[in-house]
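Chemist: Return a 3D structure for these sequence lines:
(one chain, ligands or ions: 1)
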Amino acid sequence: MTLDAIPRPERGDSADPGRSLDRLRGGPTPSDPAQPRQQTRRRYLMCRPTYFAVTYAINPWMDPTAPVDTALALRQWETLRQTYLDLGHIVDEIEPLPGLPDMVFAANGATVIDGRALAAQFRDPERADEAPAYAAWLDRAGFEVHEAKHVNEGEGDLLLVGDLLLAGTGFRTSHAAHAHVQEVFGRPVVTLQLVDPRFYHLDTALCVLDDRTVAYLPEAFSPGSRAVLRRLFPDAVLATPADAAVLGLNAVSDGRHVVLPAQATGLSAALRDRGYDTIGVDLSELRKAGGGPKCCTLVLREREAIK
Ligand code: ARG
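Modeler: Numbers count the residues shown, from 1 in each chain. Below is the predicted model:
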C-alpha cells in the first residue's frame, strides 16, 4: 500500500518566520495555481447508516420531529463510498450498532496519525458508546490506541495539515484535549475557536485541501483565530456563508480530488479555479443530522509510507 507517499518539497531552515510556517505546513504553497494537483491514495474508515435517524438534537441542524428517510441515507452514503473506491482509495467499514444513529459519522470516532489512534470522548451521552466501538475496531486493525483524557470528537475537530494539527474548540472538543493531542501525536497543535453553533465541529468550517492549503469560512472563527488562519494560510480558499450553509466545507480532499456536497456550487467553482477536481455528492439526508462527506469519513494514517 502506498499511503501518504507524496514526495515532500525541499525544507530549508530559515530565520524568516514565513519560511518556518511553510515548513510546518509541509512546504511552501506552489506559486503556480495551474500546476497539476497530486493525489495521495488514502485509507478511510466508514460506517454504513443502517440505524441512521434523528432522534435527539445536539446541533442546530437536527430536528427530531422532521422525517428522515433511512433508505435514502443508505443510498447516498453508498454513492460516497463508491466515489472513494472509484478514486482508488481503500475503504474499511466498521459494523454499525443499533441505538447509535450518529455512528455513521466516522470522522468523530477517533483521530489516527502515524499508526496511532487517539480515542474519542463525546460531549453528549447520546454518542458516548460510539467511542469504545471505534477504539476496539482500531485496536483490532493494528493501530496503537490511546485513551482520551478530555472531550474530543476525533477528526471532527482535529485536522492534520502537513505537520500541523488544527484543533477546533468552542462547542465539542475541549481546549484541554488540545494539549493531550499534542502529547500523543508530537505535532504542533494550533487551537482555533469556533463561534457559530451551526459550525460546531472544525470540519464544518474548514477543509484541508492538501499538505499546505485549506478552505474555510472566516465568519465561523473568533477574530484571533481568523488572524491565525490568515497567517498560516495566506492563500487559503475562502468559502462564502452560502457554501457553508450546505455544509460545503465538510469535504474530503486527497490532494487532487475534492469530494464535497453537490449543493456547494460556489465553493466547487472556486476549487476548480485553483486546480482541484471537484466531485459533488448529495448527502441531503445525512445533513439533517448536521453531517456531510467528511463527517462520514475517518482517515486512517499508517505508521509510515510503504514505498
Ligand atoms: N449529529 C452529529 C453530531 O452532532 C453530527 C456529527 C457530524 N460530524 C462531523 N464530523 N462534523 O454530533
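Chemist: Close to the ligand: what parts of the stretch 151-300 of the chain are there?
Modeler: Applying CB under 6 Å from any ligand atom, we find that the stretch 151-300 of the chain lies next to the ligand at 156, 201, 203-204, 289-291, 295. Any C-beta I mention is one placed from the backbone N, CA and C, and that applies to glycine too.
Chemist: Going by neighbour count, which of the residues you listed comes out on top?
Modeler: Within those, most neighbours by other CB atoms under 10 Å means Asp203, with 32 neighbours.
Chemist: Could you tell me how far it is located from Thr213?
Modeler: Separation of Asp203 from Thr213 (CB to CB, to the nearest Å) stands at 16 Å.
Chemist: and what of Val161?
Modeler: Distance of Val161 to Thr213, computed by CB to CB: 8 Å.
Chemist: cool, Pro234 as well?
Modeler: According to CB to CB, Pro234 and Thr213 sit 10 Å apart.
Chemist: what do you get for Glu285?
Modeler: Glu285 is 30 Å from Thr213, where distance means CB to CB.
Chemist: repeat for Thr50
Modeler: For Thr50 relative to Thr213 (CB to CB), the value is 36 Å.
Chemist: repeat for Asp86
Modeler: For Asp86 relative to Thr213 (CB to CB), the value is 24 Å.
Chemist: okay, those two: which has more neighbours?
Modeler: Under the criterion of other CB under 10 Å, the comparison of Asp86 against Thr213 puts Thr213 first, with 24 against 10.
Chemist: my guess is that one meets Phe233, correct?
Modeler: Yes. The criterion here is CB atoms under 8 Å, and Thr213 meets it with Phe233 at 6.4 Å.
Chemist: Now for these two: what residues contact both?
Modeler: Between them, Thr213 and Phe233 share no contacting residue under CB atoms under 8 Å, 6 or more residues apart in numbering.
Chemist: Near the ligand, which residues of the stretch 1-150 of the chain? Just list them.
Modeler: Contact residues, the stretch 1-150 of the chain versus the ligand (CB under 6 Å from any ligand atom): 58-59, 62, 102, 105, 107-108, 127.
Chemist: do that again at 8 Å, thanks
Modeler: When proximity is defined by CB under 8 Å from any ligand atom, the stretch 1-150 of the chain lies next to the ligand at 54, 58-59, 61-62, 102, 105, 107-108, 122, 124, 127.
Chemist: Just the buried subset of those, please.
Modeler: 54, 58-59, 61-62, 102, 105, 107-108, 122, 127 (16 or more other CB atoms under 10 Å).
Chemist: In contact with the closest residue in space to Ala66 that isn't next to it in sequence, which residues?
Modeler: The shortest distance from Ala66 to any non-neighbouring residue, by CB to CB, 6 or more residues apart in numbering, is to Lys288 (6.4 Å). Neighbour list for Lys288: 54, 61-63, 66, 68 [criterion: CB under 8 Å, 6+ apart].
Chemist: What is the most widely separated pair among those residues?
Modeler: Largest separation among these by CB to CB: Trp61 and Val68, giving 11.8 Å.
Chemist: you'd agree Gly88 is up against Arg41?
Modeler: Yes. The pair Gly88 / Arg41 is scored as a contact, 5.7 Å apart, by CB under 8 Å.
Chemist: Which residue ranges of the stretch 1-150 of the chain form helices?
Modeler: Assigned by DSSP state H, counting those that start in this stretch, the stretch 1-150 of the chain shows helices spanning 17-25, 70-86, 130-140.
Chemist: Distance across stretch 204-212, terminal residue to terminal residue?
Modeler: Using CA to CA, to the nearest Å, the end-to-end distance of stretch 204-212 comes out at 19 Å.
Chemist: Now do the residue nearest to Glu155 when sequence neighbours are not counted against Gly154, distance only.
Modeler: Of all residues not flanking Glu155 in the chain, Ala107 sits nearest, at 4.3 Å (CB to CB, 6+ apart). In this view, Ala107 and Gly154 are 6 Å apart by CB to CB.
Chemist: which neighbours do the two share?
Modeler: Leu298.
Chemist: residues contacting Cys207?
Modeler: By CB under 8 Å, 6+ apart, the residues touching Cys207 are 214-216, 249-251, 253, 258, 260, 294.
Chemist: pLDDT score for it?
Modeler: Cys207 is assigned a predicted lDDT (pLDDT) of 98.
Chemist: Can you pull the phi/psi pair for it?
Modeler: Backbone torsions of Cys207, given as degrees, to the nearest 10, read phi -130, psi 130.
Chemist: buried sites along stretch 296-306?
Modeler: 296-302.
Chemist: now do stretch 75-94
Modeler: Neighbour-count burial for stretch 75-94 [16+ other CB under 10 Å]: 76-77, 80-81, 83-84, 87, 89, 91, 94.
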